[in-house]
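In: A predicted structure for the sequence below; I have some questions about it.
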Amino acid sequence: MKLRIKFRKFGPVRYIGHLDVMRFFQKAIRRAGIDVAYTSGFSPHQVMSFAAPLGVGLTSNGEYMDIEVCSADFPDVCGEVKRRLNEVSVPGIEVISVKVLPKDAGNAMASVAAASYTVRFREGREPAVHLTEALAEFMKKEQILITKETKKGQREVDLKAGIYQLTWENDAFYMLLDASSGGNIKPVQVIQALFADCGETLQENALLITREEVYTNIGTQEDIKLVPLDEIGI
Amino acid sequence: MKILKKDGGRIKGPGENAAANGMRNQCMEDRLALSDDILMKIEKPERYIGHEVNSVVKDKGKIKVRFAMCFPDVYEIGMSHLGIQILYDMFNSMEDVWCERVYSPWLDLDAVMREKKIPLFALESQDPVREFDFLGITIQYEMCYTNILQILDLSGIPLMALERGDDCPIVIGGGPCTYNPEPLADFFDLFYIGEGETRYRDLIDLYQECRSGGLKRREFLRRAAKLPGIYVPQFYETTYNEDGTIRSFSPVEDGIPAVVQKEIELNVTDTYYPMKPVVPFIKVTQDRVVLEIQRGCIRGCRFCQAGQLYRPVRERDVDTMKKYALEMLKNTGHEEISLSSLSSSDYSKLPELIDFLIEECSRQHVNISLPSLRIDAFSLDVMSKVQDVKKSSLTFAPEAGSQRLRNVINKGLTEEAILNGAALAFEGGWTRVKLYFMLGLPMETPEDIRGIAELSNKIAATFFDTVPKEKRTNGKVQIVVSTSFFVPKPFTPFQWAKQCTKEEFLEKAYLTRTSISDQLNQKSIKYNWHEADASVMEGVLARGDRRLGEVIRKVYEKGGFYDAWSEYYDNERWLKTMEECGLSVDFYTHRERPADEILPWDFIDCGVTKEFLLREWEKAKREETSENCKIKCQGCGASRFGCGICFEPRT
């Protein structure tokens, strides 16, 4: 049986890198006594798949991981797995839902199409410019070109098509961005492009970023229909 | 006992809005000693944020004594140390004590902390170490001495014990290097000599008594000096002869003991052991459950300090070990377990314990990381069950290249045993062999060094003799020879021995290399050797006296620390500082000490007597071996503790 686990990450543990969060859960699952499936071979590992990795320093209200369990012969599997994991977790990593995935569901990693973020400025690192107006101008552009550093050098990329939503309200940006493997956009790239447009420079470590949700596309390539990853499954 | 676990303050359910989350994040953030800007800039911020599974958080209002337990090296090294986990568990089981962890900030953070004047903090509370009652530092190797000064300095604690006021934590040293604490005497208020399980409660009670009586720091230390196992250097004085040797070492006040006897846990089964060790977020060197199956070693290798310090051998009950294994695996979620002890093959219930672990672990998908075992039919069978034969290698530690020199060092491994073990292993499919030797052992000749090459060659030949051509996977055998340079240590029969100079060491490494390339099977043999510089300085510090305190301090003040990391070790700086302080490297290393010389550590009684060590030193010179404790008691002196192997029937 495949389970999709949604968790939050906040507080000091936001400094734990993606691979170490994976290691954390591998050990947590063992502490919780969950009968997780292992791969075969000489060094078996747990059958586990994480959705989009979260950068160090970011908090999140919507992280996902799929695991495969062998037996789960108790009523309310989802409630029980959630309870047990939270019992052995640390403050700052909190499981908020567990769902059973349909057999044909793609794994968490492959399913990711988009992610939403709340972005704030740290105190004293806000821009001077009026953001509501700047944003209105910014959104009118046909193309939002940025230069991306890649292994092979620099490359120009257009962000426009991948910014599904971008608003500024109550001193926070809300953004819904392409997070698919082909067109992943980071919140900081959007802010940098916006600032470059209005002649502002983004101060070092100025942003407080929280990932709110990760989405999958249940529509088509042309007609995108985004739903949170935990709406797949029961 | 009540320990407030961190998840006592569980987070409320989902569905809270982002702003509320933001506020709480802000709130938790406040508990970190380092700002976001710093944490985002440095390498591996996870080293400094605490919050690991099983770390202990207590209510500051309900405890009376705060103990900062420090391993003066980087987090990944310090977190791998079993001793600290044992003491952390012990202290935190005391209702009135809260023990927290401290490690050396890595160089990047060190620079930031100095620039921004951020005091060193403990991981759990993130509070400055300076506010604690005690700072306990485990001293595991000589090359970390400068890191101890880094810890004190960053904490804002005066480096010199005599300059500390009543508001400073009491700085305690423990661990193997305290068996010659003299080079560090200036920096510590007291040293705890021996195993930590026994005397800390008394020390803490004394501290609280003195504090509530309004007594001064020095009075507490005076009283502490009278507790068994406690050495307070400021109450002792050394005088020197003209040739630099020690003329006298004695207490400066009446009532301070002239001899400090090591502390020892008599019953190693029924004592503290951490059932819930802290589980780090990042991968550390020892990322597994560690079961300490016994203390001490029966073997009596003459170069080995641990083999003498931890006498007598005390085994832990095997049923207790099985219970611990299961419970610790459950409480940590670790995917690997290993056994810890000196010479694990000598643990009498090893087959029973390993069989149990193999069965349990395969059910639970846990790997068993085997300690180095004597290679025989039993160990090969076990190894084939828990490792991939094609990928793993056999390890032999003959330590010396000839039987003559192995007799000198009392290493009971014979060439026959090595070749038989290798043949057995080659038949079982192994093709990789690791060999460990030491260069610069007392009474070593060029012939002994050539013996290293010859033995390696014979092992390779054994492979070609044992394994028929058609069965040779990869077609060949791989032998990796590693040599380290011998550093004489206190409380060993070689404590009087002359250590080699750097030039002599390098010459020996060169001879090893050329001898190996002269061998018929030289293509199957790879040779690694260590750098010689640090081995010489390690030798100076290991057998040094109080005068070296000035050298350590000056090297640190010139910017030297992380000397245990070869990339940060600056030999020139050490040599120059020795010279500035008017001290000679050769005095400490390159001379044989006469039997009647007062050694800096003579005031410590580690259980084995000086007479026994001298007897062994004489036997070494005659190339005579001594039987191990299981076969025949050698009268080392450790039986006076009244426990362990000394009171078991010989075989």
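Out: Sure thing, it's come through. In this text the structure is predicted, and so the values were computed from the model without any measurement.

In: count the neighbours of B:F647 for me.
Out: For B:F647, the neighbour count with other Cβ atoms under 10 Å in any protein chain shown is 10. Where C-beta positions appear, they are placed from N, C-alpha and C, glycine not excepted.

In: how far away is it from chain A?
Out: Distance from B:F647 to chain A, counting by Cβ to the nearest Cβ, to the nearest Å: 40 Å.

In: who are the contact partners of that residue?
Out: Contacts here follow Cβ atoms under 8 Å, 6 or more residues apart in numbering or on different chains; on that basis B:F647 touches B:S639.

In: try 10 Å
Out: B:P312, B:S639, B:F641 (Cβ atoms under 10 Å, 6 or more residues apart in numbering or on different chains).

In: considering these, which possesses the most neighbours?
Out: These, ranked by neighbours (other Cβ under 10 Å): first place B:P312, 27 neighbours.

In: counting neighbours, what do you get for the nearest residue to that one once chain neighbours are set aside?
Out: The spatial neighbour of B:P312 that comes closest, neighbours along the chain excluded (Cβ to Cβ, 6 or more residues apart in numbering or on different chains), is B:G644 at 3.6 Å. Neighbour count for B:G644, taken as other Cβ under 10 Å: 24.

In: and what of A:S43?
Out: Around A:S43 there are 11 other residues, counting by other Cβ under 10 Å.

In: where does the prediction get shaky in the chain?
Out: No chain was given, so I picked chain A. A:72, A:233-234 (pLDDT under 70).

In: I was thinking of chain B, sorry if that wasn't clear
Out: Counting by pLDDT under 70, chain B contains low-confidence residues at B:1-30, B:473-474.

In: look up the closest residue to the spatially most central residue of it, ignoring the ones flanking it.
Out: Chain B has B:Q140 as the residue nearest its centroid, 4.1 Å off, counting by Cα atoms, centre = their mean. Leaving out its chain neighbours, the residue that sits closest to B:Q140 by Cβ to Cβ, 6+ apart is B:G175, at 5.2 Å.

In: care to break chain A down by domain?
Out: As given by automatic domain parsing, the domain ranges for chain A are A:2-110, A:112-231.

In: of all those domains, which lies closest to B:I375?
Out: Comparing the domains of chain A against B:I375 with Cβ to Cβ, the closest turns out to be domain A:2-110 (21.6 Å).

In: on that earlier part again, does the residue nearest to B:P312 touch B:Q294 like I think?
Out: Yes: counting by Cβ atoms under 10 Å, B:G644 touches B:Q294, with 9.0 Å between them.

In: A:V100 versus B:S456, what's the distance?
Out: Computed as Cβ to Cβ, to the nearest Å, the B:S456 to A:V100 distance reads 59 Å.

In: and those two? Which one has more around it.
Out: In terms of neighbours (other Cβ under 10 Å), B:S456 is the more surrounded of B:S456 and A:V100; the figures are 28 against 17.

In: next helix or strand past the helix or strand hosting the more buried one?
Out: Using DSSP states H and E, B:S456 sits in helix B:446-466. Beyond helix B:446-466 in the direction of the C-terminus, DSSP H and E gives the next helix or strand as strand B:478-485.

In: which neighbouring elements make contact with that next one?
Out: Counting contacts by 3 or more Cβ pairs under 10 Å, 6 or more residues apart in numbering or on different chains; DSSP states H and E, strand B:478-485 packs against strand B:394-399, strand B:432-439, helix B:446-466, helix B:502-517, strand B:525-529, helix B:533-542.

In: A helix includes B:L339, no?
Out: No: when DSSP: H, G, I helix; E, B strand; the rest coil is applied, B:L339 is found to be strand, with no helix at that position.

In: hmm, it is touching B:S369, no?
Out: Yes: with the criterion set as Cβ under 10 Å, B:L339 and B:S369 qualify as a contacting pair; they are 8.3 Å apart.

In: who's more crowded, the two?
Out: For the pair B:L339 and B:S369, the greater number of neighbours falls to B:L339 (23 against 16), based on other Cβ under 10 Å.

In: one step back: for the residue nearest to B:P312, give its distance to chain A.
Out: According to Cβ to the nearest Cβ, B:G644 and chain A sit 35 Å apart.

In: one more: B:S35?
Out: Computed as Cβ to the nearest Cβ, the B:S35 to chain A distance reads 9 Å.

In: so what's that residue up against?
Out: B:S35 makes contacts with A:N205, B:E29, B:K41, B:V112, B:K116, B:I118, as judged by Cβ under 10 Å, 6+ apart.

In: and what of B:L419?
Out: Shown in contact with B:L419 (Cβ under 10 Å, 6+ apart): B:L455, B:K458, B:I459, B:A461, B:T462, B:D465, B:T466.

In: just the buried subset of those, please.
Out: B:L455, B:K458, B:I459, B:A461, B:T462, B:T466 (16 or more other Cβ atoms under 10 Å in any protein chain shown).

In: leaving out chain neighbours, which residue sits closest to B:N628?
Out: What sits nearest to B:N628 in space, not counting adjacent residues and going by Cβ to Cβ, 6+ apart, is B:I298, at 4.3 Å.

In: before we move on, the earlier item: mind putting the helices and strands packed on strand B:478-485 into a markdown table with distance to A:R155?
Out: As requested, these are arranged in a markdown table below (distance: least, Cβ to Cβ, whole Å):
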| stretch | distance to A:R155 |
| --- | --- |
| strand B:394-399 | 50 |
| strand B:432-439 | 45 |
| helix B:446-466 | 53 |
| helix B:502-517 | 50 |
| strand B:525-529 | 44 |
| helix B:533-542 | 47 |
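
In: quick one: closest of the ones you listed to chain A.
Out: Of all these, strand B:432-439 sits nearest to chain A, with 16.1 Å by Cβ to the nearest Cβ.

In: do the closest one and chain A meet at all?
Out: No: residues of strand B:432-439 contacting chain A under Cβ under 10 Å from any Cβ of the partner chain: none, with a closest distance of 16.1 Å.

In: buried residues, that strand. List them.
Out: Buried residues in strand B:432-439, counting neighbours by 16+ other Cβ under 10 Å, are found at B:R432, B:V433, B:K434, B:L435, B:F437, B:M438, B:L439.

In: do stretch B:625-634 as well
Out: Within stretch B:625-634, the residues that qualify as buried by neighbour count (16+ other Cβ under 10 Å) are B:T625, B:S626, B:N628, B:C629, B:K630, B:Q634.

In: many thanks, I have nothing further to ask.
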